[in-house]
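> One predicted model, sequence on top.
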Amino acid sequence: MERFYNPYLTDLLIIGYCTYYFMPVILGVILKIQGKEKEFQEGLFTVLLCFYLSYVGYVLFPALGPRYTMLHLQQKPLEGVFLFDGINHLLNSLERIKRDAFPSGHTGITLVVLYLAMKFERRLLWAFVPCTMLLIIATIYCRFHYGVDILGGVLLTGITILTVRVLYK
């Protein structure tokens, strides 16, 4: 992966990674503004369930990400031009629980929000699809997750959606 490192790409990908914090809020606000209360409630339930299920995964599989466990294998530091260093430092300082690599909650939540946007507000897809792609690439590139964590996040999405179909009526 290190052969692909580029400071400009690193900055772009950390922005993509951070869209995780905004995508659920954007979808929720738009659904609320449009008066789609039923869709908002289902979306909120779905996102919260995905969060809770990811936390169960962290308890069952308390794994550290590669930024902590593979430092000895990394040949060069990951650096950005303008944004990466500050954002990465902020994220590391805010995160108290470090054993949260599997499943990738970022992947799971983002894919759930993408699914909800496709279901309730398709006009958001033009923005959410590229953000989702950048985020998933960033999870590996920025050393937050292993590939298996991403697969776990995809599985988390599927389990969440299937569980909502059974529980939410």
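Right, received. Where do you want to start? Numbering: from 1, shown residues only.

> and the longest helix for the chain?
helix 37-60 (DSSP state H).

> Spell out, range by range, the strands that occur in this protein.
Here the chain has no strands by DSSP state E.

> If you rank every helix and strand of it by mean pLDDT, what lands last?
Lowest on mean pLDDT, DSSP states H and E among the helices and strands of the chain sits helix 66-69, with a mean of 72.

> Just the CA trace of that one, in CSV.
What follows is helix 66-69, C-alpha atoms only, in CSV (Å, rounded to 0.1, in the frame of the first residue of the first chain):
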residue,chain,number,x,y,z
PRO,A,66,-2.8,-1.6,11.9
ARG,A,67,-1.9,2.0,12.9
TYR,A,68,-1.1,0.5,16.3
THR,A,69,-0.1,-3.1,15.6
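
> Which positions in that helix come out as buried?
66-67 (16 or more other C-beta atoms under 10 Å). Backbone N, C-alpha and C define where each C-beta goes, glycine included.

> residues in contact with it?
98, 142-146 (C-beta atoms under 8 Å, 6 or more residues apart in numbering).

> any low-confidence regions in the chain?
Along the chain, the parts satisfying pLDDT under 70 run over 1-2, 68, 70-74, 97.

> where's the residue positioned nearest the centre of it relative to Y168, distance?
For the chain, the residue nearest the mean C-alpha position is H106 (1.7 Å; C-alpha atoms, centre = their mean). According to C-beta to C-beta, to the nearest Å, H106 stands 23 Å off from Y168.

> Kindly report the same for V29.
V29 is 21 Å from Y168, by C-beta to C-beta.

> how far out from the middle of the chain is stretch 36-49?
Taking the mean of its C-alpha atoms, stretch 36-49 sits 18 Å from the chain's own mean (C-alpha atoms, centre = their mean, to the nearest Å).

> Using PDB, write out the CA atom coordinates for that stretch.
Extracted C-alpha coordinates of stretch 36-49, given in PDB (Å, rounded to 0.1, in the frame of the first residue of the first chain):
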ATOM      1  CA  LYS A  36     -40.800  12.300   6.100                       C
ATOM      2  CA  GLU A  37     -41.300  11.400   9.700                       C
ATOM      3  CA  LYS A  38     -41.800   7.600   9.100                       C
ATOM      4  CA  GLU A  39     -38.700   7.400   7.000                       C
ATOM      5  CA  PHE A  40     -36.700   9.400   9.500                       C
ATOM      6  CA  GLN A  41     -37.800   7.100  12.400                       C
ATOM      7  CA  GLU A  42     -36.900   4.000  10.400                       C
ATOM      8  CA  GLY A  43     -33.600   5.500   9.400                       C
ATOM      9  CA  LEU A  44     -32.700   6.500  13.000                       C
ATOM     10  CA  PHE A  45     -33.600   3.000  14.200                       C
ATOM     11  CA  THR A  46     -31.500   1.500  11.500                       C
ATOM     12  CA  VAL A  47     -28.400   3.600  12.100                       C
ATOM     13  CA  LEU A  48     -28.600   3.200  15.900                       C
ATOM     14  CA  LEU A  49     -29.000  -0.600  15.600                       C
END
